[in-house]
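Take this sequence and fold it.
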Amino acid sequence: MEGLYREGWWETWYYRALYLAPGIICLSLTLVALAWPRVGGGLLVIIGGGFTGWWWWYISDTVGLTLGRALVTFAVSGLPAIAGILILIDAYRRVRLRSETPLPSRAWSYRNLRYLVAVGVPLLVAVVLAIVTPLTEPHRTTVSAEGSGDYSENDQFRNLTVQLVRTVAEDYFAQRQTQYPDELSVKGNWDLGIAVYHQGMVKGSGEYQANDETLSLSLEQATRNALDGRRQDLNEEALEDVRFLVNFSRDPSFSEQVETLFTLLPFYNYGVNRSFSEYEQSFSFIEYNGEGKELIEDLVITRSLDKELMLQKIEQGKEFLFSAEHPDEHGFYKKYDTLEDDFGCRLHTVYSASIIYTFLKLYDYDQDERIMESIPDWADFLLSMQSKDEGTEAYGAFHYSYYFKTGEKQQRFVVGTTALSIFTLLDLYDRTGDSRYLESAELGGDWLTRMQKSDGVMNAYIEYDYGRWETGDRESLLYNGQVLAALSRLYIATEEQEYYDTAEEIAEHFCERVENEGCYLGDEYRTPNPISSAWVIMSLLDFYKIDRDDYHKDIILRCGSDLLERQETDVSSPVYYGSWHGAYSTSGNGWLAEVMMEMYYFCREHDADGCDRYKDALIKVILWIIQNTYSAENTFFLEEPEKAIGGIFWNYENRYVRTDSLCHGLNAYIGILDDLEDDVLIYLPEEPFRVILDRLRN
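Numbers count the residues shown, from 1 in each chain. Predicted coordinates for the structure are as follows:
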């Protein structure tokens, strides 16, 4: 009923039929079950059992079916089947009773009471909801990813609001009366919160609720409440560096509370992180340079993308990568804890290799000479992380990390670390001709061939612990894909048949899994997910360059198309728009951005259909990645904001910077830049201001 109201009862007949159909079908099944219990009961058993089977299959295919998940979902999906079984039992009982003892004649209303209840109760509920829903639901509108991104009425409201809040703060310390702007004289029942951010900390907060009061007066009172409870070090002199966060709250409607109850069911949202209805229960923004920047979950929302913004992020990202280098060891860090201003105590080989690889792409883009001047030191660190102990199981592999304070190299050797190091070493060899890089890559490739099992799958790692070697033998699509790609590239450079043979076995294993399970794959580390699935595509793309089998090309294009369908495209959910279901981090979605870029060019190279879909998907995920990139606008909660700018944080809940996320993002930006138009590439509109204002007025 809520959906019917939202779409509009006064639309054409098929809108009404669309939302009335489920109720009509359920009512019809009920009447059939009452009139012909055996037929109706049988239908309910088939429908309930079929729905349960489909739901269990879907969970198994997406996140993995467990006993707990099966039991919880059966409590919902299995109810029709249980009802059907009870109806069949009752029908059998009634037939037996009639044959044994004739039933006395009763009044018509009594004989047909079950029909009256079956029809009357649903109709009564529908009538009540038809009356209550319009009275309790705020009007919503549908938005789409169109428009120019021009200055909006929503922006004007946010700007006027933060400007008034700042004026109130200045008047508070100056002890003078505040003059209100006419535009904020609207009356309503306001529920306001003001937070005062200074040097990354909240140094004052205040709330204010008002009934039938002008907004400007309510804002003044909320601001004064925040300043009344401020910390002592927040004074008039500090006001210039203060940033105000404004939050409008409202009580959730009845239907939203029901939806929240549904979200408690496991996997109700199927890979979506949370219920989007929560976004409409508040309207927040943070002050920046006299403007109000839209906030959702303390994340500054980015609604438009153009080349100029991408160029800015490329430059800022490059500078952040320079800052992630250890000044003495010349290796690179894995992550930066922005809240603690700490890079950690380890340098990671795989992240160092990935950063060097990205720096080489950056050099091709802007010829920054600092990069080529630093290459010898960076490459020496990478070479130093390779095990040269002949006769050991790790000979040729790369240590996972280096503890620079103690000078200890971690005795863990992951096949993915060696594979990605080979990527970088081959690129360095192509550019410099230095044989050390090719020799190191070959040594790593030889170790990788020894790590393959008889079924073609790679062992994940070896580790020396407590005086003995341990082997990780679980299958990782990510690691296997990295090895397949690395050995394919190594074969191009050396034409060594052993590299081809090892790569071919992995490729055959991947193709067998695609044929048996489809394109959406998982492994012994992860349930089916887009990141692992994308590694199958990308590694087969590298292998296709050396075997040119159309069968592999068809799998690449088929699975690439499947991956496109799993992207989040709901424009009313800007926190997730552009990301992939099942990929919750910037590392995963950054990698998928690289895949979309490579697939776009691969598709065009082979004159396949629908190539622009990959570019469109790439633009969407770039918008999402940039939204999760530190900038001057969104670092209000950091004590050292300038150190974080340009870094891409893990996700909106975990704000540490991951250097691999940044590498993936920069690789994708640079790779697609020349094929983008100069205009606005994408714009996500907000709901009209009048709709938002009606909700906020409670």
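
What count of nearby residues applies to residue 49?
Residue 49 has 16 neighbouring residues, counting by other C-beta atoms under 10 Å. Every residue, glycine included, has its C-beta placed from N, CA and C.

shouldn't it be in contact with residue 81?
Yes: under the criterion of C-beta atoms under 8 Å, residue 49 makes contact with residue 81 at 4.9 Å.

Alpha carbons only: can I get the helix or strand containing residue 557 in CSV?
Using DSSP states H and E, residue 557 sits in helix 550-564. The C-alpha trace of helix 550-564 is given here as CSV (Å, rounded to 0.1, in the frame of the first residue of the first chain):
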residue,chain,number,x,y,z
ASP,A,550,38.4,-17.0,-29.1
TYR,A,551,37.0,-19.2,-26.3
HIS,A,552,38.9,-17.2,-23.8
LYS,A,553,37.8,-13.9,-25.5
ASP,A,554,34.2,-15.0,-25.3
ILE,A,555,34.5,-15.7,-21.5
ILE,A,556,36.1,-12.4,-20.9
LEU,A,557,33.3,-10.5,-22.7
ARG,A,558,30.6,-12.6,-21.2
CYS,A,559,31.9,-12.3,-17.6
GLY,A,560,32.6,-8.6,-18.1
SER,A,561,29.0,-8.0,-19.1
ASP,A,562,27.9,-10.0,-16.0
LEU,A,563,30.0,-7.8,-13.8
LEU,A,564,28.4,-4.7,-15.2
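
For that helix, buried residues please.
552-553, 555-557, 559-564 (16 or more other C-beta atoms under 10 Å).

Next: stretch 388-408.
Buried-residue list, stretch 388-408, by 16+ other C-beta under 10 Å: 393-402, 404.

ditto for stretch 48-68
Applying 16+ other C-beta under 10 Å to stretch 48-68 flags 48-49, 51-52, 55-56, 59, 62-63, 65 as buried.

for stretch 75-91, same thing?
77-78, 80-81, 83-85, 87-88, 91.

repeat for stretch 345-365
Under 16+ other C-beta under 10 Å, the buried positions of stretch 345-365 are 346-363, 365.

where does this structure have low pLDDT?
1-20, 61-63, 97-111, 129-130, 132-151, 251-281 (pLDDT under 70).

what does the domain assignment say about it?
Domain ranges of the chain: 1-98+111-131, 153-266+279-296, 304-695, per the TED database.

about what we covered before: and the helix holding residue 557, what does it pack onto?
helix 497-517, helix 530-547, helix 586-605, helix 612-627 (3 or more C-beta pairs under 8 Å, 6 or more residues apart in numbering; DSSP states H and E).

which secondary structure elements does the second one contact?
Think helix 530-547. Checking 3+ C-beta pairs under 8 Å, 6+ apart, helix 530-547 ends up next to helix 477-494, helix 497-517, helix 550-564, helix 586-605.

what's near enough to touch the residue nearest to residue 588 when sequence neighbours are not counted?
Closest residue to residue 588 apart from its sequence neighbours, by C-beta to C-beta, 6 or more residues apart in numbering: residue 531 at 4.5 Å. Neighbour list for residue 531: 478, 582-583, 588, 591-592 [criterion: C-beta atoms under 8 Å, 6 or more residues apart in numbering].

Emit the PyMOL select command for whichever of those are buried.
To isolate the buried subset of these in PyMOL, counting by 16+ other C-beta under 10 Å, use the following:
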select buried, resi 478+582+583+588+591+592
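
can I get the contacts of residue 531 in a markdown table with distance to residue 670?
Listed next are the contacts of residue 531 as a markdown table, based on distance: C-beta to C-beta, whole Å:
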| residue | distance to residue 670 |
| --- | --- |
| 478 | 23 |
| 582 | 26 |
| 583 | 21 |
| 588 | 20 |
| 591 | 15 |
| 592 | 16 |
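
want to throw the buried residues of helix 550-564 into TSV with distance to residue 113?
Formatted as TSV, the buried residues of helix 550-564 follow (distance: C-beta to C-beta, whole Å):
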residue	distance to residue 113
552	67
553	67
555	61
556	63
557	61
559	57
560	59
561	55
562	53
563	55
564	54
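
Residue 334 touches residue 348, doesn't it?
Yes: the pair residue 334 / residue 348 is scored as a contact, 4.5 Å apart, by C-beta under 8 Å.

anything in contact with each of those two?
residue 401.

Tell me if residue 637 really is in a strand.
No: read with DSSP: H, G, I helix; E, B strand; the rest coil, residue 637 is coil and lies in no strand.

where's the residue nearest to it when sequence neighbours are not counted relative to residue 288, distance?
Using C-beta to C-beta, 6+ apart and skipping residues adjacent in sequence, the residue nearest residue 637 is residue 200, 5.6 Å away. If you measure residue 200 against residue 288 using C-beta to C-beta, to the nearest Å, the figure is 14 Å.

got it, and residue 205?
19 Å.

ok, now residue 684?
Taking C-beta to C-beta, one finds residue 684 at 19 Å from residue 288.

Those two - which one has more neighbours?
Neighbour tally, residue 684 and residue 288, criterion other C-beta under 10 Å: the higher count belongs to residue 684, 24 against 18.

which residues touch the residue nearest to that one when sequence neighbours are not counted?
Take residue 684 and drop its neighbours on the chain: the residue closest to it by C-beta to C-beta, 6+ apart is residue 303, 4.4 Å away. By C-beta under 8 Å, 6+ apart, residue 303 lies in contact with 149, 294, 574, 683-686.

can you pick the most crowded of these?
Counting by other C-beta under 10 Å, top hit in the contacts of residue 303: residue 684 with 24 neighbours.

Settle this for me: that one is touching residue 575, isn't it.
No: look at residue 684 against residue 575 with C-beta under 8 Å: they stay out of range, at 11.0 Å.

Residue 686: what's it in contact with?
143, 152, 154, 294, 303, 692.

same thing but 6 Å
residue 154 (C-beta atoms under 6 Å, 6 or more residues apart in numbering).

Could you look up the SS state of it?
Residue 686 ends up coil, using three-state DSSP.

For it, give its distance to residue 204.
Going from residue 686 to residue 204 by C-beta to C-beta gives 29 Å.

Could you tell me the end-to-end distance of stretch 560-576?
Start and end residues of stretch 560-576 are separated by 21 Å (C-alpha to C-alpha, to the nearest Å).

can you list the residues that contact stretch 231-244?
162, 165, 173, 196-198, 203-204, 287, 636.

Just put these in JSON lines and tack on neighbour count.
Shown next, in JSON lines, are the contacts of stretch 231-244 (neighbours: other C-beta atoms under 10 Å):
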{"residue": "162", "neighbour count": "24"}
{"residue": "165", "neighbour count": "23"}
{"residue": "173", "neighbour count": "13"}
{"residue": "196", "neighbour count": "26"}
{"residue": "197", "neighbour count": "20"}
{"residue": "198", "neighbour count": "18"}
{"residue": "203", "neighbour count": "20"}
{"residue": "204", "neighbour count": "22"}
{"residue": "287", "neighbour count": "24"}
{"residue": "636", "neighbour count": "23"}
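
Select, from these, the two members most distant in space.
173 and 636 (20.7 Å; C-beta to C-beta).

still on that earlier bit, could the contacts of residue 303 go into TSV alongside distance to residue 656?
Conversion of those to TSV gives the following (distance: C-beta to C-beta, whole Å):
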residue	distance to residue 656
149	30
294	23
574	22
683	30
684	26
685	32
686	29
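
Having no further points to raise, I will conclude here.
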